[in-house]
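> got a predicted model here, sequence first, then my questions.
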Protein chains: 2
Amino acid sequence: MASPRRTTLHDVAQEVGVSAKTVSRVLNGDGPTSPATREKVMAAVEKLGFQPNLMARNMRVGGPDSTVGLIIPDMGNPFFGTVAGGIESAVRQRGLTLLMGSCADDPDRERALSNTFLARRVSALMVVPTVGADHAHLRAARTAGMPVVFLDRPGTGLTADGVVSSNRDGAREGTAHLITGGHRRIAFVGDRPATLYTRRERLAGYREALEAAHLPYDRSLVLDGHTEAEAAEAVQRVLHSPQPPTAILAANNFAAMGTVLGMVREGRRDVALVSFDDLPFAEVLEPAITTVAQDPAAIGRAAAEIALARLDGDRTRARTVTVPTRLIPRGSGELPPPR
Amino acid sequence: MASPRRTTLHDVAQEVGVSAKTVSRVLNGDGPTSPATREKVMAAVEKLGFQPNLMARNMRVGGPDSTVGLIIPDMGNPFFGTVAGGIESAVRQRGLTLLMGSCADDPDRERALSNTFLARRVSALMVVPTVGADHAHLRAARTAGMPVVFLDRPGTGLTADGVVSSNRDGAREGTAHLITGGHRRIAFVGDRPATLYTRRERLAGYREALEAAHLPYDRSLVLDGHTEAEAAEAVQRVLHSPQPPTAILAANNFAAMGTVLGMVREGRRDVALVSFDDLPFAEVLEPAITTVAQDPAAIGRAAAEIALARLDGDRTRARTVTVPTRLIPRGSGELPPPR
DNA sequence: ATGAAAGCGCTAACAT
DNA sequence: ATGTTAGCGCTTTCAT
């Protein structure tokens, strides 16, 4: 009981009694076709359930496929989902379809996925680089005219276009906000590994704010946590230390959730908090959480615009676009230090 | 300054001084090859940055592409991201790559995306059906041997395999939990449109629990809200009604977030809440939120297993797998009614 | 161990 | 308005 072969253009042509090229003309609307054959062809297509084989078409036409590839490190993070939405709506207007894959934080899988996309001749490739991944292998495809855009973090081993948030400025602003409120001991809860681009940049912004206010940089106030649970534990520990912080800058949404969880577990509502990344529940908590909001949709849009410009022949040198963040004061960052 | 043509198998062959077929043999490791040529070929591949054109390969080989397509209605919902993760890890073991696209709740775009996947000859197609979409056009591909699996909701116009949560049982259990706590006026906050499969099933489970306890079904306690904001407003309104509920069953995560937001705005911490779908912040709120947790990763795994079995020749009739939900009492569902 | 020819499904270029 | 031929890049089949 073998499956029937997939219907081809020839099957349709035979059914109607015309040549394959005529069917092709009808379907792609290029050459002239009589209304009569057009109808007959469409009927046969419907009847046989014909799906044109785009691989064959693309191969003959020679151009790239009408898809854009996106590689993200983690499907569960809605941040990337929103980024993807921004790309999607921008490329769709050009008749391109966004296809995405997740590498689950694995550099080997990132490599495999990019080969998958390259081998299928996507029009452009967008990558949110995973820690440890190298991107030198993309050079050939890029030289052959395929745009490569790095999102959220710069790529490694390849100079290409990129789009990032104003991580440093945003973190500086968030920290300064706490300092203005009177805080002098401010903890930083960041992602791991500490070499992660966004973490480095945000830590740098945090330090800039401290320096500007002539506050000391205390390493014991810099905490790690890749997951919510880890961040929560780190926060609980530091709140029990001899000189606990009176305020916390959480450097991403998982860190922020963990920080809130840690504070709840300790029954501490008196610690000020500013979170980098907006949170779905930011407005629901008491106090509501002050955030340094990123604009993931704008990041996606900017990346798509760069890629489309490249496809249109833009040959200027690689550039990096910075999408601004915005401080949204909501309450948690306005708590004064105890005195 | 035109882009250089993409390197082909022949380019590599010419560089080495062998035939194309020899290069093909080296790359796919089928026929016998001498170690010497093997090395030279690999070197040339590296030097020229050769990426085999999978479209050409697949076309000649005739089989399906080594990708699996997934269509989801919304990128921003982490529920679907987790489902995708479950599929991904299951199909990867078979050398298949998961590619996903979002139709943004638009049935036309769902159709376009499925054509995109079909035209590229994916090995299998997974669809989370969007409201208003029809799936009859998938019949031909399915007949030709491509597995189709519907996730989270049944498809329309096509009998195919499916995987869903135990929506009705879960909602009944969640509602019964509130009834056991002494509540007699329990509101239902659901998604829109009211015809949505998951909403219908969950409402049915809610009604079953009411009936089992001989409680009246009061339509004024059934609220709608497709977004967090809409749900919040509906909740605020009902709390001001003459006979307000003392407990709420939120039928999905957006409804739950909106419900919490509405309660916070009204300063009401005395209303019991059970949420269908687990929430990232469920444990952080006070009281922590009692949920009827789904298992999205298990949904994805089950769907992948069905598809793989079909690819292995399973020709039994279409079946629907139900993945159980689990009640997680955390506090918000244990609030007693005021007396 | 390697090469030559044919063909996968489609369309560009040239007929008619 | 339609048909024919050739070929996209690769692999199969059959040589050598």
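That came in fine, so what should we check first?
> tell me who's in contact with the residue of the stretch 1-150 of chain A found nearest DNA strand D.
For the stretch 1-150 of chain A, the residue closest to DNA strand D is A:Pro32, as judged by C-beta to the nearest atom of the strand, at 2.6 Å. Yep, even glycine has a C-beta here, placed from its N, CA and C like the rest. For A:Pro32, the contact set (C-beta atoms under 8 Å, 6 or more residues apart in numbering or on different chains) comprises A:Arg25.
> does chain B sit close to the helix or strand hosting A:Val292?
Assessed by DSSP states H and E, A:Val292 sits inside strand A:290-293. No. Applying C-beta under 8 Å from any C-beta of the partner chain, one finds strand A:290-293 separated from chain B by no less than 14.1 Å.
> in chain A, where is pLDDT below threshold?
Within chain A, the stretches falling below the threshold (pLDDT under 70) are A:1-2.
> quick revisit: okay, and the residue of the stretch 1-150 of chain A closest to DNA strand D sits in which element?
Assigned by DSSP H and E, A:Pro32 falls outside every helix and strand.
> nearest to DNA strand D within the stretch 151-300 of chain A, name that residue for me.
With C-beta to the nearest atom of the strand as the measure, A:Leu158 is the residue of the stretch 151-300 of chain A nearest to DNA strand D, at 22.1 Å.
> neighbours around the closest residue to that residue other than its chain neighbours, how many?
Counting by C-beta to C-beta, 6 or more residues apart in numbering or on different chains, A:Leu158 lies nearest to A:His135, which is 4.2 Å off, once chain neighbours are set aside. A:His135: 22 surrounding residues under other C-beta atoms under 10 Å in any protein chain shown.
> which phi and psi values does the residue of the stretch 1-150 of chain A closest to DNA strand D adopt?
According to degrees, to the nearest 10, the main-chain angles of A:Pro32 amount to phi -80, psi 140.
> list the residues that contact the spatially most central residue of chain A.
Central residue of chain A (C-alpha atoms, centre = their mean): A:Phe80, 3.9 Å from the mean position. For A:Phe80, the contact set (C-beta under 8 Å, 6+ apart) comprises A:72-74, A:128, A:296.
> now A:Asp11
When the contact criterion is C-beta under 8 Å, 6+ apart, the partners of A:Asp11 are A:48, A:50.
> enumerate the residues of chain A near DNA strand D.
Residues of chain A that fall close to DNA strand D, judged by C-beta under 7 Å from any atom of the strand: A:17-22, A:25, A:31-34, A:36-37, A:56, A:59-60, A:62.
> take those residues and keep only those in helices.
Cross-referencing the residues of chain A next to DNA strand D against helices under DSSP state H gives A:20-22, A:25, A:36-37, A:56, A:59-60.
> disregarding residues adjacent in the polypeptide, which is nearest to A:Ser66?
Ranked by C-beta to C-beta, 6+ apart and with sequence neighbours excluded, the top spatial neighbour of A:Ser66 is A:Leu96, at 5.6 Å.
> run through the neighbouring helices and strands of the host helix or strand of A:Gly101.
For A:Gly101, the enclosing helix or strand under DSSP H and E is strand A:97-102. Under the contact definition 3 or more C-beta pairs under 8 Å, 6 or more residues apart in numbering or on different chains; DSSP states H and E, strand A:97-102 sits against strand A:67-72, helix A:78-92, helix A:107-119, helix B:78-92, strand B:97-102, helix B:107-119.
> now those in a markdown table, with distance to DNA strand C?
A markdown table is the format used below for the helices and strands packed on strand A:97-102 (distance: least, C-beta to the nearest atom of the strand, whole Å):
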| stretch | distance to DNA strand C |
| --- | --- |
| strand A:67-72 | 16 |
| helix A:78-92 | 21 |
| helix A:107-119 | 16 |
| helix B:78-92 | 24 |
| strand B:97-102 | 21 |
| helix B:107-119 | 9 |
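> of those, which is nearest B:Pro280?
For the helices and strands packed on strand A:97-102, distance to B:Pro280 was read as C-beta to C-beta. The smallest value, 7.6 Å, belongs to helix B:78-92.
> quick one: buried residues of that closest one?
When neighbours are counted by 16 or more other C-beta atoms under 10 Å in any protein chain shown, the buried residues of helix B:78-92 are found to be B:78-88, B:90-92.
> and chain A, which residues reach DNA strand C?
The interface of chain A toward DNA strand C, taken as C-beta under 7 Å from any atom of the strand, is made up of A:5-6, A:8-10, A:20-21, A:24, A:27-28, A:30, A:52-53, A:56-57, A:59-61.
> ChimeraX command for the buried members of these?
Restricted to buried positions by 16+ other C-beta under 10 Å, the ChimeraX selection for these reads:
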select /A:6,8,9,24,27,52,53,56,57,59
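> out of the residues of chain A next to DNA strand C, which touch chain B?
Under the cut-off given by C-beta under 8 Å from any C-beta, chain B has A:5-6, A:52-53, A:56, A:59 from those close to it.
> residue contacts, the closest residue to A:Gly300 other than its chain neighbours?
In space, not counting the residues next to it along the chain, A:Gly300 is nearest to A:Gly86; the distance is 2.4 Å by C-beta to C-beta, 6+ apart. A:Gly86 makes contact with A:296-301, A:303-304, according to C-beta under 8 Å, 6+ apart.
> show me which of the buried residues of helix B:78-92 is closest to chain A.
Chain A has its nearest neighbour among those in B:Gly81, at 3.8 Å by C-beta to the nearest C-beta.
> that closest one contacts A:Pro78, doesn't it?
Yes. Between B:Gly81 and A:Pro78 there is a contact under C-beta atoms under 8 Å: 7.3 Å.
> any idea how far B:Arg6 is from whichever residue of the stretch 101-250 of chain A sits closest to DNA strand C?
Distances between the stretch 101-250 of chain A and DNA strand C by C-beta to the nearest atom of the strand are smallest at A:Arg121, namely 13.2 Å. Counting by C-beta to C-beta, to the nearest Å, the separation of A:Arg121 from B:Arg6 is 8 Å.
> what about the residue in the stretch 201-339 of chain A that DNA strand D sits nearest to, how many neighbours?
Minimum separation of the stretch 201-339 of chain A from DNA strand D (C-beta to the nearest atom of the strand) falls at A:Leu311, amounting to 18.8 Å. When neighbours are counted by other C-beta under 10 Å, A:Leu311 registers 18.
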